[in-house]
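Engineer: Kindly return the folded structure for what I paste below:
(2 chains)
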Amino acid sequence: EAGVTQFPSHSVIEKGQTVTLRCDPISGHDNLYWYRRVMGKEIKFLLHFVKESKQDESGMPNNRFLAERTGGTYSTLKVQPAELEDSGVYFCASSQSTITGTSYEQYFGPGTRLTVT
Amino acid sequence: QKEVEQDPGPLSVPEGAIVSLNCTYSNSAFQYFMWYRQYSRKGPELLMYTYSSGNKEDGRFTAQVDKSSKYISLFIRDSQPSDSATYLCAMVRRGFKTIFGAGTRLFVKA
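Structural biologist: Okay, the predicted model is just below:
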């Protein structure tokens, strides 16, 4: 079974440009999460999709970040315009839904390393 | 004060040693506790997942949760060089976001 995949693995852009990150969750996982780790800091939650709906987007830094999950499959995270402080590693994770609700056994992708210069 | 505290290390041990990794937390509402292993340039890999207090064992790994002390531990027996990685604790309260520790870098020397 394929794991969570992310594309690209690395992106270098200039301040002010736009970047779109993609995540393909494990097939059948309704829950999709975006996280970010900036250098020297903890992994921080950005948002949580259940199927195509945003369940929690409390971690999104500001309105320069836009996440979508059309059709409840893959997700994209767009940063527009990018700023220097957006540099970091962006992780996507997915988990199943169970009878009792969301499973917190999250499976992570390899991450996208974003560098804004 | 951070909700989850984890010593970043690094922690260096000889091969075969028992490793103890720990996290403390402040939110008594946390219900689920996880340990992830992360190799360099890879995503976190779920190692252990426990609900509430008690111990859980999986091969050489034992996870321990002490909710009265707000303290969780991961023990690695017979450590191997391949165990060298960053170990992240994480915890969550149902319906809320997952909170991660900073991660402890572990080096197991052959």
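
Engineer: from here on, contacts and neighbour counts on C-alpha atoms
Structural biologist: Will do.

Engineer: and chain B, which residues reach chain A?
Structural biologist: B:32, B:41-46, B:49, B:92, B:97-103 (CA under 8 Å from any CA of the partner chain).

Engineer: Show me which pair in those residues is furthest apart.
Structural biologist: Pairwise distances across the residues of chain B next to chain A peak at 26.3 Å for B:Y32 and B:R41 (criterion: CA to CA).

Engineer: Which one of those two is surrounded by more residues?
Structural biologist: B:Y32 (20 against 12; other CA atoms under 10 Å in any protein chain shown).

Engineer: List the contacts of that one.
Structural biologist: A:104, B:49-52, B:91-94 (CA atoms under 8 Å, 6 or more residues apart in numbering or on different chains).

Engineer: Tell me, what's the model's pLDDT at it?
Structural biologist: Looking at B:Y32, its pLDDT reads 92.

Engineer: pLDDT wise, what is the residue nearest to it when sequence neighbours are not counted at?
Structural biologist: Of all residues not flanking B:Y32 in the chain, B:Y51 sits nearest, at 4.6 Å (CA to CA, 6 or more residues apart in numbering or on different chains). If you check B:Y51, the pLDDT there is 84.

Engineer: residue contacts, B:Y51?
Structural biologist: B:31-33.

Engineer: Give me the subset of these that lies in strands.
Structural biologist: Per DSSP state E, strands hold the following members of these: B:32-33.

Engineer: and the contacts of B:Y51 as JSON lines, adding distance to A:K44?
Structural biologist: Shown next, in JSON lines, are the contacts of B:Y51 (distance: CA to CA, whole Å):
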{"residue": "B:Q31", "distance to A:K44": "19"}
{"residue": "B:Y32", "distance to A:K44": "17"}
{"residue": "B:F33", "distance to A:K44": "16"}
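
Engineer: residue at max distance from the center of chain A?
Structural biologist: A:I99 (25.1 Å; CA atoms, centre = their mean).

Engineer: Of all residues in chain A, which one is closest to chain B?
Structural biologist: Nearest residue of chain A to chain B, counting by CA to the nearest CA: A:P110, 4.0 Å away.

Engineer: is B:I72 in a bridge, and if so with what?
Structural biologist: B:C23, B:V65 (DSSP bridges).

Engineer: And B:I99, by the same measure?
Structural biologist: B:M91.

Engineer: just to revisit the earlier point, and which of the contacts of B:Y51 is nearest chain A?
Structural biologist: Among those, and counting by CA to the nearest CA, the member closest to chain A is B:Y32, at 7.5 Å.

Engineer: The closest one pairs with what?
Structural biologist: Here B:Y32, judged by DSSP bridges, has bridge partners B:Y51, B:V92.

Engineer: What separation do you get for it and B:R77?
Structural biologist: 23 Å (CA to CA, to the nearest Å).

Engineer: how about the strands in chain B?
Structural biologist: Counting by DSSP E, the strands of chain B are B:4-5, B:11-14, B:19-25, B:32-38, B:45-51, B:54-58, B:61-66, B:71-76, B:85-92, B:99-100, B:104-109.

Engineer: So what are the sheet partners of the first one and their directions?
Structural biologist: Partner strands for strand B:4-5, per DSSP bridges, with pairing direction: strand B:19-25 (antiparallel).
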